[in-house]
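*Asks:* Quick check, what structure comes out for this input:
(one chain, ligands or ions: 1)
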Amino acid sequence: MAQVIMDKFTKNVFKEKSIIDPNKKVRAAVVGIGWIAEAQVDSYLRCEDVDLVALCEIVPGKAEAFMEALGIQDRGIKVYNSTKEMYEHEKLDVVSICTANASHCQLVVEALDAGANVLCEKPMCVTLDEAVTMCRAAKRNNKILSVGFQPRMTKYMQDIVNIVRSGELGEVYYIQSGGGRRHGIPTPFGTSLIESSKSGFGAMGDIGCYSLDMLLNAVGYPKPLTVSAYKSDFFGKDPNYYKGHPEYAEAFDVDDFAAAFIRLEGGIILDFRIAWAMHMDTTGDALILGKKGGLRIPSTPAWNGSFDGPLTIYHDVAGEQVQTVLPFEDEDIGELYYKKVRAFVSAVNYGTEVPSPAEQILYQMAILDGMTRSAELGKEVDIVIPEI
Ligand SMILES: NC(=O)c1ccc[n+]([C@@H]2O[C@H](COP(=O)([O-])OP(=O)(O)OC[C@H]3O[C@@H](n4cnc5c(N)ncnc54)[C@H](O)[C@@H]3O)[C@@H](O)[C@H]2O)c1
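*Replies:* Residues are numbered from 1 along each chain as shown. Sure, this is the predicted structure:
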């Protein structure tokens, strides 16, 4: 079997645009000053055409302490403890929503209705109904709603898209997600990701949304039609799993493993699996199978939109089975958060392409919503997406 190593493929997907005009400022605010807020605040501060004017955090003193820790307390950034109060006092062009998943819908709609364009952290929300409500609010206000998927900013992800769109694989009929964690229920920051009242779902939505975005984006986000899903919580509910913190097992009421079989428009099958915990190192590599070729996307030990190792195309050349290995370049993951914010600001300020637009991520939410329903009913369910 022949193996070819390609030494050149795409150039870096994200290019700092020369269109950036430091005199054309947008006024920005960040809501929810927790873990991910640091990357967002830092990114806004790096954008020459952004005035970061406000932070909003319901826990009194938390935003002030955050600014002190970052050494930005003298930048004139105002702190609010309620979004209502913030919108009464500030006219904002862009707002980032960085709170727990279950609050995204309400806070995003409020920001859009206040006249802002919104960058919402992943996952978009918790249910299909919420996703529809959010898309309708964006449409009603004629504003941009982007969902924060920083892996989209990588050359790696762009290579995957380019390979599929180039026709190299022929017509795609099967896509399979991979990765997952052996021991990675996210409790280092408390219980906000393992309580459904805050997070909505477990591994399925928290890291499954990255797998879904990677594969669906590659094949052009076809409409989902049906889903049959399974989810379990064997590790999350086990007090022995959490060394020294058996109380987490009491709080845990989401999934730590999920698998699903999804039919997509155009005859494509999506075979999905994800885990926060399992007695296995990986659920496998992600695969894209087409009539002319197949693409292997190596899994990572702690899948969260990360990537590790070269992409390989399996195809026949002149009757021979050939593997083409694409060069693998490490990318600076920290920079992806900046690129995500930069791409969103450019879409608002200069009308460039909206990164991960809500109308697209709506389909992903329809799948996650269908998975939850199917797993609970124990049978296949239809996915019906209302008009926006
Ligand atoms: N893109 C990524 O790589 C990435 C990484 C981590 C988390 N996230 C996502 O970011 C979101 C937040 O995660 P986190 O880990 O930063 O959470 P976190 O719990 O650390 O922070 C959330 C903050 O929001 C505040 N808050 C809650 N309701 C509020 C309200 N109504 N108004 C103002 N503040 C409010 C909380 O007090 C808390 O300080 C989640 O949706 C998560 O999935 C994304």
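*Asks:* ok, the residue of the chain found nearest the ligand to residue 201 distance?
*Replies:* Nearest to the ligand in the chain, going by C-beta to the nearest ligand atom, is residue 34, at a distance of 1.8 Å. Quick note: C-beta positions are derived from backbone N, CA and C, even for glycine. Going from residue 34 to residue 201 by C-beta to C-beta, to the nearest Å gives 19 Å.
*Asks:* of these two, who's got more company?
*Replies:* Neighbour tally, residue 34 and residue 201, criterion other C-beta atoms under 10 Å: the higher count belongs to residue 201, 25 against 17.
*Asks:* Touching, that one and residue 253? I think so.
*Replies:* No. With contact defined as C-beta atoms under 8 Å, residue 201 does not reach residue 253; the gap is 10.2 Å.
*Asks:* Please name the nearest non-neighbouring residue to the residue most central in space within the chain.
*Replies:* Taking C-alpha atoms, centre = their mean, the centroid of the chain lies closest to residue 149, which sits 3.7 Å from it. Nearest non-adjacent residue to residue 149, counting by C-beta to C-beta, 6 or more residues apart in numbering: residue 356, 4.5 Å away.
*Asks:* ok, that neighbour - how many residues close by?
*Replies:* Here the count is done by other C-beta under 10 Å, and residue 356 has 25 residues near it.
*Asks:* From residue 363, how far off is it?
*Replies:* Going from residue 356 to residue 363 by C-beta to C-beta gives 12 Å.
*Asks:* can you give me the helices in the stretch 201-350 of the chain?
*Replies:* Taking DSSP state H, counting those that start in this stretch, the helices of the stretch 201-350 of the chain run over residues 203-206, 208-218, 247-251, 333-350.
*Asks:* of those helices, which approaches residue 89 most closely?
*Replies:* When the helices of the stretch 201-350 of the chain are ranked by proximity to residue 89, the top entry is helix 333-350, at 20.8 Å, counting by C-beta to C-beta.
*Asks:* Which strands and helices lie in contact with the very next helix or strand once past the closest one?
*Replies:* For helix 333-350, the succeeding helix or strand toward the C-terminus, using DSSP states H and E, is helix 358-377. Contact analysis of helix 358-377 by 3 or more C-beta pairs under 8 Å, 6 or more residues apart in numbering; DSSP states H and E lists helix 128-141, strand 145-148, helix 203-206, helix 208-218, strand 224-232, strand 257-264, strand 268-275, strand 381-382 as its packing neighbours.
*Asks:* 7 Å instead, please
*Replies:* helix 128-141, strand 145-148, helix 203-206, helix 208-218, strand 224-232, strand 257-264, strand 381-382 (3 or more C-beta pairs under 7 Å, 6 or more residues apart in numbering; DSSP states H and E).
*Asks:* could I get the fifth one in PDB with only the CA atoms?
*Replies:* This means strand 224-232. Only the C-alpha atoms of strand 224-232 are listed here, as PDB (Å, rounded to 0.1, in the frame of the first residue of the first chain):
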ATOM      1  CA  PRO A 224     -31.000  16.300  10.600                       C
ATOM      2  CA  LEU A 225     -34.000  14.100  10.100                       C
ATOM      3  CA  THR A 226     -34.100  11.400  12.800                       C
ATOM      4  CA  VAL A 227     -32.000  10.300  15.700                       C
ATOM      5  CA  SER A 228     -31.700   7.200  17.900                       C
ATOM      6  CA  ALA A 229     -29.600   7.800  21.000                       C
ATOM      7  CA  TYR A 230     -28.300   6.300  24.200                       C
ATOM      8  CA  LYS A 231     -26.800   8.000  27.200                       C
ATOM      9  CA  SER A 232     -25.500   6.800  30.500                       C
END
